[in-house]
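Q: Give me a model of this one.
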Amino acid sequence: MRRQRGKSDPIDAESAEGSMEMIRHLKVARDGAVKARTQAMVPLKALIVTVPDELRQQLQGLSKMALIERCAGLRPGPVTSPTASAKYSLRAMARRWKGLNDEAKEHDTLLGELTKAHAPDLIDAFGIGADTAAEVLVTVGDNPEWKQIVNYPALLCPERERKKHVGTLLVAMLYGG
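A: Coordinates of the predicted model:
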């Protein structure tokens, strides 16, 4: 019964603000990990262009994940030759990429749990993932007028129509459509 009346209780309001702040923190950390992961791939691919031919031929044509796995598994041995230094550097960069990828996945998992708990209709909408839902919730948290817009479809629409309207609304809010 209490849930049907909304979040008028000060404790509920404080809890909602705390959830939004947690989502904001995780979103910042996730975005930083994703950006660093993207940046970690650039020098790895650039280095492949300059490594000795034998090593370059082993790495050319691999998919991104196959390249990362192959480079992360390189065994340079003593760094006493250009091939050994190239293997050492490629391995270090691939391991950095993998660490950042794991970090981004951890953030995605936590964001998924928090956004699902805070706004289940948002997550259930077609094509809305945890990252997009977190972005919307962070934006809505900063714009009180949008809270009414986001809640509007939930108040007026039957359950079967809610997902469609929430998804359409999100596209309009995010892309100005």
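
Q: just the helices in the chain please.
A: Remark: helices of the chain, listed N- to C-terminal, are 10-50, 53-59, 64-72, 82-118, 120-124, 130-142, 144-156, 159-175; assignment by DSSP state H.

Q: Include mean pLDDT when you put those helices into JSON lines, please.
A: JSON lines is the format used below for these (pLDDT from 0 to 100):
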{"stretch": "helix 10-50", "mean pLDDT": "85"}
{"stretch": "helix 53-59", "mean pLDDT": "95"}
{"stretch": "helix 64-72", "mean pLDDT": "97"}
{"stretch": "helix 82-118", "mean pLDDT": "94"}
{"stretch": "helix 120-124", "mean pLDDT": "73"}
{"stretch": "helix 130-142", "mean pLDDT": "77"}
{"stretch": "helix 144-156", "mean pLDDT": "50"}
{"stretch": "helix 159-175", "mean pLDDT": "54"}
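
Q: can you redo those helices as a markdown table with mean neighbour count?
A: For the C-beta atoms, the positions are set from N, CA and C on the backbone; glycine is no exception. As requested, these are exported to a markdown table (neighbours: other CB atoms under 10 Å):
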| stretch | mean neighbour count |
| --- | --- |
| helix 10-50 | 14 |
| helix 53-59 | 13 |
| helix 64-72 | 16 |
| helix 82-118 | 17 |
| helix 120-124 | 17 |
| helix 130-142 | 20 |
| helix 144-156 | 13 |
| helix 159-175 | 14 |
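
Q: if I look at Val42, how far off is Asp108?
A: Going from Val42 to Asp108 by CB to CB, to the nearest Å gives 22 Å.

Q: same deal with Val140?
A: In this structure, Val140 lies at 20 Å from Asp108, with CB to CB as the measure.

Q: just His118 next, same as before
A: Counting by CB to CB, the gap from His118 to Asp108 is 15 Å.
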